[in-house]
Each structure stands twice: as C-alpha cells, then as structure tokens.
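Q: Dropping a prediction and its sequence here:
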Amino acid sequence: MDLGTLRREIRESSHIVCLLGLSVASDCGCFNYRDSDNAYAVETKYGYSPEEIFSAQFFNTRPKMFFDYYHEDILGKLGTPGPALETLRRLEDERRVQSVITRSIYGLPGRAGIRRYIEMHGSVYQNHCPHCGAKFPIEFMMQAEGIPLCPHCGSVVRPDIVLDGEMIPNSLVTASASEVERADTLLILGCSMKATLVRNAISYFDGKRIILINEEENSSDRAADLVFHGKPRDILPGIYT
Ligand SMILES: [Zn+2]
C-alpha cells in the first residue's frame with residue numbers, strides 16, 4: 001500500500017478509533033516483557049518470567065520481588081511518546097481520531113497530549129492504597145524504597161494496573177466497545193489482528209475500513225482493508241508529508 005492511499009483514507013475518516021499495540025510502546029522505549037531479550041534478562045535475574053512476576057498471585061505472596069522488578073524494569077523504562085503518538089494527537093486535534101484504546105500501561109496517550117483514551121490495563125501513573133483508598137502519583141512509587149507503604153494506614157500501595165489473573169474492569173470493557181461501535185475507521189497500530197486488544201474490539205466494529213500498520217507480517221492481516229508493514233512511527237507521520 002502506498003502512503004497516498006493511507007493519507008486519503010485517513011482524510012476521509014471522521015471517526016477514527018485507534019487500537020494502540022504494545023510494540024508502539026516498545027518503540028517509545030517502554031519496557032516490553034514480550035521482547036525475548038528482556039524476558040531472558042528478567043528470568044536470569046529473578047528466577048521467574050515477567051508474566052509470573054507481574055501477576056496478582058506474585059504481588060500478594062512475594063511483594064518484595066514484585067516491587068524490585070516493578071521499580072527497576074517497569075518504572076526504569078517508561079519511554080517517551082514518539083512520532084506515532086504525536087501524529088495521533090494531531091489527528092485528534094483535527095477531530096479525526098476520537099479515541100485511542102490500549103493495553104499499554106505507560107501512560108503514553110496522556111503524556112502525548114491525547115485527551116480521549118482508554119487504558120484497558122490501567123496506568124503506572126495512577127496508584128492507590130487498597131485499604132484506605134488514598135491515591136498516589138508515580139513519583140511516590142519511584143521514591144519508595146522496597147515495598148511502597150501507605151503513609152496513612154501502612155498498607156501496601158499498588159499501581160492501578162491489571163495484573164495477570166485479574167479482570168479488566170467492566171466499565172472499561174463497555175466504554176471501549178461503545179467507542180469501537182461508533183467508529184468509521186479502525187486504525188490498528190503495532191499489533192496484529194490476532195492481538196487480544198484487536199480480537200476483543202473487532203466484533204463491535206461496523207464501520208467502513210480497518211487500517212493495519214504493523215511491522216510483522218501475519219496471515220491474519222487479510223482481515224484488514226489496508227495493510228502497511230513497518231513501524232507505525234515510520235509510516236503514520238507520513239500522512240502529513
Ligand atoms: Zn492507606
């Protein structure tokens with residue numbers, strides 16, 4: 001597909017909903033546990049896989065190791081919103097992109113200045129005490145040594161993110177479905193059509209076109225109307241050139 005086609009299709013859209021995949025976050029410098037080098041490094045260091053550590057069970061039974069990992073690997077690699085996010089913000093300013101939906105937990109849409117987004121798995125920028133309900137900014141988690149404890153009641157403060165073994169809040173599932181239902185264009189960035197984020201959303205889509213920009217080729221690509229193979233950060237900004 002050529003860039004002219006992408007430009008035209010996006011200009012003809014008035015209600016784009018973007019499904020933002022994890023590889024966009026990884027391209028922004030955020031920690032990606034799916035990267036095999038990262039996964040290997042974590043296993044070597046802790047003796048457990050990133051998925052095992054980032055679970056509700058681990059959080060409850062081995063909080064010290066959970067927060068060692070959380071501190072160093074997650075909060076240590078927050079990344080910076082890159083060109084794909086900047087282009088989405090511009091498209092939102094032009095009222096073409098109406099919503100960004102992601103499972104990434106690094107607060108990228110908000111940090112890029114995007115106003116309407118849904119973080120299905122929550123964000124490391126929001127934290128709370130499950131006991132007394134006090135809320136804490138990311139700085140509190142960054143400054144805490146070892147296990148972060150609530151200064152009001154002494155309970156373990158946790159990030160507002162969905163850990164493995166936990167359910168995505170129903171309100172977010174409903175909100176994302178209703179966004180997708182209203183879209184005329186689904187813009188899928190940095191994940192395949194088989195990604196959980198896409199599979200969960202696609203059944204609600206009744207619009208005109210599905211645009212996929214993803215580096216890896218996949219047999220499921222044919223379910224999209226327009227397919228571009230490459231990194232979203234390299235391709236998407238091209239609509240403004
Ligand atoms: Zn508390």
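A: Yep, that arrived.
Q: Enumerate every residue touching residue 136.
A: Contact analysis of residue 136 by C-beta atoms under 8 Å, 6 or more residues apart in numbering lists 127, 128, 129, 148, 157. In short, each C-beta sits where N, CA and C put it, glycine included.
Q: Max pairwise distance over those: which two?
A: Greatest spatial distance among the contacts of residue 136 (C-beta to C-beta): 128 and 148, at 11.0 Å.
Q: what do the two both touch?
A: Both residue 128 and residue 148 are in contact with 136, 157, where contact means C-beta under 8 Å, 6+ apart.
Q: Could you give the number of residues near residue 165?
A: Around residue 165 there are 12 other residues, counting by other C-beta atoms under 10 Å.
Q: same thing with residue 170?
A: Count around residue 170 with other C-beta under 10 Å applied: 8.
Q: Provide a list of residues in contact with residue 34.
A: By C-beta under 8 Å, 6+ apart, the contact set of residue 34 is 22, 26.
Q: Helix or strand: which one has the residue nearest the centre of the chain?
A: The chain has residue 104 as the residue nearest its centroid, 1.9 Å off, counting by C-alpha atoms, centre = their mean. Using DSSP states H and E, residue 104 falls within no helix or strand.
Q: who has more neighbours, residue 128 and residue 148?
A: Legend: neighbour count by other C-beta under 10 Å for residue 128 and residue 148, higher for residue 148 (23 against 15).
Q: wait, what's in contact with the more buried one?
A: 67, 127, 136, 140, 141, 156, 157.
Q: Repeat that for residue 208.
A: Contacts of residue 208 by C-beta under 8 Å, 6+ apart are 13, 184, 185.
Q: which of those are buried?
A: 13, 184, 185 (16 or more other C-beta atoms under 10 Å).
Q: Nearest to the ion among those residues?
A: The ion has its nearest neighbour among the buried ones among the contacts of residue 208 in residue 185, at 43.7 Å by C-beta to the ion.
Q: Residues in a beta bridge with the closest one, which ones?
A: residue 16, residue 209 (DSSP bridges).
Q: wouldn't it be in contact with residue 206 here?
A: No. Shown here, residue 185 and residue 206 do not form a contact pair, counting by C-beta atoms under 8 Å, at 11.7 Å.
Q: Please compute how far the helix or strand bottoming out on mean pLDDT in the chain lies from its chain's middle.
A: Taking mean pLDDT, DSSP states H and E as the measure, the chain has helix 36-46 as its least confident helix or strand, at a mean of 91. Put simply, helix 36-46 sits 21 Å off its chain's centre (C-alpha atoms, centre = their mean, to the nearest Å).
Q: now swap in stretch 220-234 and tell me
A: Distance of stretch 220-234 from the chain centroid (C-alpha atoms, centre = their mean) equals 18 Å.
Q: what about the strands in this structure?
A: Using DSSP state E, the strands of the chain run over 16-20, 97-102, 117-119, 122-128, 135-136, 158-161, 185-189, 209-214, 226-229.
Q: winner for burial among these?
A: Sort these by mean neighbour count, taking mean count of other C-beta atoms under 10 Å, and strand 16-20 sits at the top with a mean of 28.
Q: Give me the contacts around that strand.
A: Outside of strand 16-20, the residues within contact range by C-beta under 8 Å, 6+ apart are 10, 88, 91, 96-102, 104, 108-109, 179-180, 182-191, 195, 197-198, 201.
Q: hmm, back to that, relative to the ion, which of the strands of the chain is closest?
A: strand 122-128 (8.4 Å).
Q: Tell me the strands beside that closest one, with direction?
A: In the sheet, strand 122-128 lines up against strand 135-136 (antiparallel), strand 158-161 (antiparallel) (DSSP bridges).
Q: do that strand and the ion meet?
A: No. Using C-beta under 5 Å from the ion, no contact is recorded between strand 122-128 and the ion, whose separation bottoms out at 8.4 Å.
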